[in-house]
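Chemist: after the sequence you'll find the predicted model.
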Amino acid sequence: MKTGSRFKLYNGFMVGIFLLSALVQYNDPDPLLWIVIYGIAALVSYLAFSPRLDKRLPLYLAILAFGWAAFHLPDVWGKVTLGEIFQSIEMKTIAVEKAREMGGLVIIASWMLYLYSHLKKTADNN
């Protein structure tokens, strides 16, 4: 599989993941906030297929998501175990909810950094 084809496959997968993540936020205590951030991540990923995307946009979103995740760190660190995060689908404690939110933000940020790197490399090669 060519690198470009692999990128399209992975990026398409992430568009789907971000859209699904946005859709399941309806029962969250603050659904609009999470629908927006996952929706933006899906949109930026989708626009990565287009030359119209400002190549810095994924970097800006990564910074925002990592910063937001860091904001949750004091509510999570030492207050929840990895097992508790995945133990049940329902929210058992605020710490579990914050840990899950933090995980989603880290996934967004990590993918956006990958997108930024890929788009920058692609632009440098042209």
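Modeler: Ah, there it is.
Chemist: what residue is smack in the middle of the chain?
Modeler: Taking Cα atoms, centre = their mean, the centroid of the chain lies closest to residue 108, which sits 1.6 Å from it.
Chemist: what is the rounded mean pLDDT of the lengthiest helix in the chain?
Modeler: If you go by DSSP state H, the chain has its longest helix at helix 94-125. Mean pLDDT, taken over the full extent of helix 94-125, equals 85.
Chemist: show me where this structure has its helices.
Modeler: Along the chain, the segments classed as helices by DSSP H run 3-23, 31-47, 57-76, 82-87, 94-125.
Chemist: could you find the closest non-adjacent residue to residue 110?
Modeler: Spatial nearest neighbour of residue 110, excluding adjacent residues (Cβ to Cβ, 6 or more residues apart in numbering): residue 62 at 7.7 Å. To be clear about C-beta, it is placed using only N, CA and C from the backbone, and glycine gets the same treatment.
Chemist: quick one: that neighbour and residue 116 touch, right?
Modeler: Yes: between residue 62 and residue 116 there is a contact at 6.6 Å, judged by Cβ atoms under 8 Å.
Chemist: list the contacts for the residue nearest to residue 110?
Modeler: 108, 109, 110, 112, 113, 116 (Cβ atoms under 8 Å, 6 or more residues apart in numbering).
Chemist: same thing but 7 Å
Modeler: By Cβ atoms under 7 Å, 6 or more residues apart in numbering, the contact set of residue 62 is 109, 112, 113, 116.
Chemist: need those in TSV (columns: distance to residue 53).
Modeler: Below are those laid out as TSV (distance: Cβ to Cβ, whole Å):
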residue	distance to residue 53
109	17
112	12
113	15
116	10
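Chemist: among those residues, which one has the most neighbours?
Modeler: residue 112 (26 neighbours; other Cβ atoms under 10 Å).
Chemist: if I look at that one, how far off is residue 66?
Modeler: 9 Å (Cβ to Cβ, to the nearest Å).
Chemist: give me the buried stretch members for stretch 100-115, please.
Modeler: 100-102, 104-109, 111-115 (16 or more other Cβ atoms under 10 Å).
Chemist: what does stretch 29-49 give?
Modeler: For stretch 29-49, by 16+ other Cβ under 10 Å, it's 34-35, 37-48.
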